[in-house]
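J.: After the sequence you'll find the predicted model.
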Amino acid sequence: MPTPIGQRVQKRRDALRAAGLRPVQIWVPDTRRAGFAEECRRQARVTAAADAHDPDLDILLDAALSDIEDEAGA
């Protein structure tokens, strides 16, 4: 007779805990919700406008890219 699902799930959870892991619950936006895509577009526009008015942002991003390229070549 196969092991009931509840027992298999508990066994798996016990093994993960024994490996030093713990369960967490993460709530994320519901991408199927009405208005989700428009809200994403709105936030992208706000971010783009803020980025366009921050001259130091390009300097920061160029420096970060340079650091990454330096590390990759090392």
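T.: Yes, it's here. Numbers count the residues shown, from 1 in each chain.
J.: contacts for the helix ranked longest in the chain?
T.: Selection of the longest helix in the chain by residue count, based on DSSP state H, yields helix 55-73. Outside helix 55-73, the residues that touch it by CB atoms under 8 Å, 6 or more residues apart in numbering are residue 51. Every residue, glycine included, has its C-beta placed from N, CA and C.
J.: how much space between residue 3 and residue 10?
T.: 10 Å (CB to CB, to the nearest Å).
J.: mind listing what's buried in the longest helix of the chain?
T.: Taking 16 or more other CB atoms under 10 Å as the neighbour-count basis, helix 55-73 is seen to contain no buried residue.
J.: Output that helix as PDB, restricted to C-alpha atoms.
T.: Below are the C-alpha coordinates for helix 55-73, written out as PDB (Å, rounded to 0.1, in the frame of the first residue of the first chain):
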ATOM      1  CA  PRO A  55      22.600  62.600 -13.800                       C
ATOM      2  CA  ASP A  56      24.500  60.700 -11.100                       C
ATOM      3  CA  LEU A  57      22.700  57.400 -12.000                       C
ATOM      4  CA  ASP A  58      24.600  56.900 -15.300                       C
ATOM      5  CA  ILE A  59      27.900  57.500 -13.500                       C
ATOM      6  CA  LEU A  60      27.000  55.000 -10.800                       C
ATOM      7  CA  LEU A  61      25.800  52.400 -13.300                       C
ATOM      8  CA  ASP A  62      28.900  52.800 -15.500                       C
ATOM      9  CA  ALA A  63      31.200  52.400 -12.500                       C
ATOM     10  CA  ALA A  64      29.300  49.300 -11.400                       C
ATOM     11  CA  LEU A  65      29.600  47.800 -14.900                       C
ATOM     12  CA  SER A  66      33.300  48.600 -15.000                       C
ATOM     13  CA  ASP A  67      33.700  46.800 -11.600                       C
ATOM     14  CA  ILE A  68      31.900  43.800 -12.900                       C
ATOM     15  CA  GLU A  69      34.000  43.700 -16.100                       C
ATOM     16  CA  ASP A  70      37.200  44.100 -14.100                       C
ATOM     17  CA  GLU A  71      36.300  41.200 -11.900                       C
ATOM     18  CA  ALA A  72      35.300  39.000 -14.800                       C
ATOM     19  CA  GLY A  73      38.600  39.600 -16.500                       C
END
